[in-house]
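Asker: quick one: sequence plus predicted model below, questions after.
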Amino acid sequence: MAAGDAAAVLAIYQAGLETGQASFETRAPDWETFTAGKLPDHRHVAVDVQDRVLGWVAASRISARPVYAGVVEHSVYIHPAARGQGVGLTLLHALIASTEAAGIWTIQSGIFPENTASLRLHQRAGFRTVGTRERVGQHHGRWRDVVFIERRSPTIT
């Protein structure tokens, strides 16, 4: 993922936000804000044969404390026309490969329980459900739960 991907990445992000099932956020930020918290080595895009961005995945540190150096939170978003075609799984595999190579032992995220497609995708990529955080935040004026998921590296011990 590079600055040249900015417009496509942010448009895909906004499309996901507009579903109401992807995030507590409601508007994609500008590119500088978006990339500021993303780890450079753990940002990937999937493109088609015409170099159009089909989706993206990115990871952020969860804490600056050294004890959490091997734990990241991630997001994955797919263009509406590319959903159900394996793009998400390809992106998650790229993220897993880059984080494992960097010694990161846990990738985590929170997913709305209604987003069953994302929950299935993550399960196929080796993520497990840790639990449900009930009424963790308000979204469009109503309390929402979040299913907390993680993937622990089987090789980094």
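Answerer: Received the coordinates, thanks. Numbers count the residues shown, from 1 in each chain.
Asker: for stretch 110-119, output the C-alpha coordinates as PDB.
Answerer: The C-alpha trace of stretch 110-119 is given here as PDB (Å, rounded to 0.1, in the frame of the first residue of the first chain):
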ATOM      1  CA  GLY A 110     -13.200  -6.500  16.800                       C
ATOM      2  CA  ILE A 111     -16.000  -7.300  14.400                       C
ATOM      3  CA  PHE A 112     -19.700  -6.500  14.700                       C
ATOM      4  CA  PRO A 113     -21.500  -9.800  15.300                       C
ATOM      5  CA  GLU A 114     -23.900  -9.000  12.400                       C
ATOM      6  CA  ASN A 115     -20.900  -9.000  10.000                       C
ATOM      7  CA  THR A 116     -21.000 -12.800   9.600                       C
ATOM      8  CA  ALA A 117     -19.100 -12.700   6.300                       C
ATOM      9  CA  SER A 118     -16.100 -11.100   8.000                       C
ATOM     10  CA  LEU A 119     -16.300 -13.600  11.000                       C
END
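Asker: for the protein, what's the longest helix?
Answerer: Counting by DSSP state H, the longest helix found in the chain is helix 87-101.
Asker: can you list contacts of the next helix or strand after it?
Answerer: Moving toward the C-terminus from helix 87-101, the next helix or strand (DSSP states H and E) is strand 106-111. When contacts are defined by CB atoms under 8 Å, 6 or more residues apart in numbering, strand 106-111 is touched by residues 59, 62, 70-75, 95-96, 99, 118-119, 122, 127, 130, 133, 136, 146-153. C-betas here are computed from N, CA, C, even on glycine.
Asker: with stretch 126-137 instead?
Answerer: 24, 96, 107-110, 113, 119, 143-151.
Asker: so which of those residues sit within helices?
Answerer: Among the contacts of stretch 126-137, the members falling in helices (DSSP H) are 96, 119.
Asker: now, of the contacts of stretch 126-137, which are buried?
Answerer: 96, 107-110, 119, 144-151 (16 or more other CB atoms under 10 Å).
Asker: need these in CSV (columns: pLDDT and distance to Gln85).
Answerer: Shown next, in CSV, are the buried ones among the contacts of stretch 126-137 (pLDDT from 0 to 100; distance: CB to CB, whole Å):
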residue, pLDDT, distance to Gln85
Ile96, 97, 19
Ile107, 98, 22
Gln108, 97, 25
Ser109, 97, 21
Gly110, 96, 25
Leu119, 97, 18
Arg144, 96, 28
Asp145, 97, 29
Val146, 97, 26
Val147, 97, 24
Phe148, 97, 27
Ile149, 98, 22
Glu150, 97, 26
Arg151, 97, 22
